[in-house]
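A.B. asks: here's my sequence, what's the structure:
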Amino acid sequence: MSPSPSGRLTNWAGNITFAASALHVPATVDALQHLVASRHRIRALGTGHCFNRIADTRGELVSLADLELPIEIDGDTRTAVVPAGKRYAEVAATLDGLGWALHNLGSLPHISVAGACATGTHGSGDRNRNLSSAVEAVEFIRADGEVVRLSRVANPDRFGGAVLSLGALGVLTRLTLSIEPSFDVRQDVYLDLPVDVAAEHASETFGAGYSVSMFTDWRQPDLINAIWLKRRVDHDSGPAEGDWFGAPLADRPQHPIPGLDAAAATTQLGQVGRWHERLPHFRADFTPSYGEELQSEYFLPRNSAADAIQALRAIAARFVGPLAVCEIRTIAADDLWLSPCHGRDTVALHFTWVRDLDAVLAALASIEAAIAPFDARPHWGKVFRVPPAKFEEIYPQLPAFRALAAEYDPNRKFGNSFLDTYVHRC
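C.D. replies: I've put the predicted structure just below:
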């Protein structure tokens, strides 16, 4: 989050100027409760890494970054209670220092736990579910200012809608996350894999590491620029293969975007490091500044990976103009109602664009048409063109979520135009 030249608050990318009249940063839960209860319209704001108006409001915004809450670890249940406004980098460092780990992290460790879980942020890996799947309980402030706690065990009938909630139920204060013993990871990068080979061996490639990403800018539509393999050392401690289906092992660090300085990227070349220093693509001590970019992402059934890769290759000339890089990775199925991975193992197609909205929307028209046969779901927090009526089809649990939101926020205190359009449909 940062101020625009006009002094108004913007998101990280600078493409959204928030309409809110004020930003509050309470230090205690009591102050947050009073704030929520006394406002007509209010909405929680995380670290501003969404690229559409999902976090916006014409009321007031509240940041959880300064809430005075500890991280509490229960080794017997393998859970950790974490403050909603903490960034993953802070949580991960604390957990690792005590011998614990999360199952996965996103590309950027700078995002807040609540914001990531509420919008479906994920890492990668055939056996790894998205970040919100690690949540075992949530605590939030509902519209009347009261604290609500829901858990997977105690509230199985509604928990599926309470985690990845788009901020529609209330303001999160704490999340209870599953944890596991800390582990080490090595990261190796392979370059220039032919697309035909990548498609033919997609299952073997995505299943070859704990976390696997394919990167390409599609400017050479017959090549995947790079494959990033992140492997747990306790699972595979042997040396890296000299090539991957003919793609050579990189002999110098790489940035996800071809040609950029790799200094911001996490350590590669097979050097073993702690889980939180390898699973993200970017270093925690590299703080992203104003980002001249837009992002889009679509989630397809995992078994369509090969066909989806070929579908993008066939139309690459129609969308490469504003494209910086495309990332392809897999995520395991989960049971959260509004998760893009709900009920199915998933392959995600991620696009980082230059900040030219008209060019991006034109590119997305071609992409969305090409992947329409694969029942694609767009990322809630990124740029897409999918019509609102389509959400009823791709999210079967949307009516149940609407009912849950109406129970905790009957007057839509936490609502906004984005939720009205894609969730409430009014």
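
A.B. asks: check Phe18 and give its pLDDT.
C.D. replies: Phe18 carries a pLDDT value of 96.

A.B. asks: and for it, nearest residue in space, chain neighbours not counted?
C.D. replies: Leu9 (4.7 Å; CB to CB, 6 or more residues apart in numbering). In short, each C-beta sits where N, CA and C put it, glycine included.

A.B. asks: that neighbour contacts Ala20, doesn't it?
C.D. replies: Yes. Counting by CB atoms under 8 Å, Ala20 is a contact partner of Leu9 at 7.0 Å.

A.B. asks: any shared contact partners between those two?
C.D. replies: Counting by CB atoms under 8 Å, 6 or more residues apart in numbering, the shared contacts of Leu9 and Ala20 are Leu61.

A.B. asks: how many other residues sit next to the residue nearest to Phe18?
C.D. replies: Leu9 has 20 neighbours, counted by other CB atoms under 10 Å.

A.B. asks: just Gly381 next, same as before
C.D. replies: Neighbour count for Gly381, taken as other CB under 10 Å: 25.

A.B. asks: got the contact list for it?
C.D. replies: Listed by CB under 8 Å, 6+ apart, the contact set of Gly381 reads His49, Cys50, Phe51, Asn52, Ile54, Ala55, Thr119, Gly120, Thr121.

A.B. asks: go ahead and flag the most central residue of the protein.
C.D. replies: Most central in the chain under CA atoms, centre = their mean is Thr121, positioned 1.8 Å from the mean C-alpha point.

A.B. asks: nearest spatial neighbour of that one, skipping sequence neighbours?
C.D. replies: Closest residue in space to Thr121, ignoring its immediate chain neighbours: Gly106 at 4.9 Å, by CB to CB, 6+ apart.

A.B. asks: which residues does that neighbour contact?
C.D. replies: Counting by CB under 8 Å, 6+ apart, Gly106 has contacts Tyr88, Ala116, Thr121, His122, Gly123, Leu131, Pro280.

A.B. asks: in a strand, the second one, correct?
C.D. replies: No. Residue state for Ala116 (DSSP: H, G, I helix; E, B strand; the rest coil) corresponds to helix; a strand is not indicated.

A.B. asks: residue contacts, it?
C.D. replies: Residues near Ala116 by CB under 8 Å, 6+ apart: Gly46, Tyr88, Gly106, Leu131, Ser132.

A.B. asks: one more pass at 7 Å, please.
C.D. replies: Neighbour list for Ala116: Tyr88, Gly106, Leu131 [criterion: CB atoms under 7 Å, 6 or more residues apart in numbering].

A.B. asks: of those, closest to Leu269?
C.D. replies: Gly106 (22.4 Å; CB to CB).

A.B. asks: before we move on, which element is the closest one in?
C.D. replies: Gly106 belongs to no helix or strand when elements are defined using DSSP states H and E.

A.B. asks: please apply the same query to the one 3 residues further on.
C.D. replies: When secondary structure is defined by DSSP H and E, Pro109 falls outside every helix and strand.
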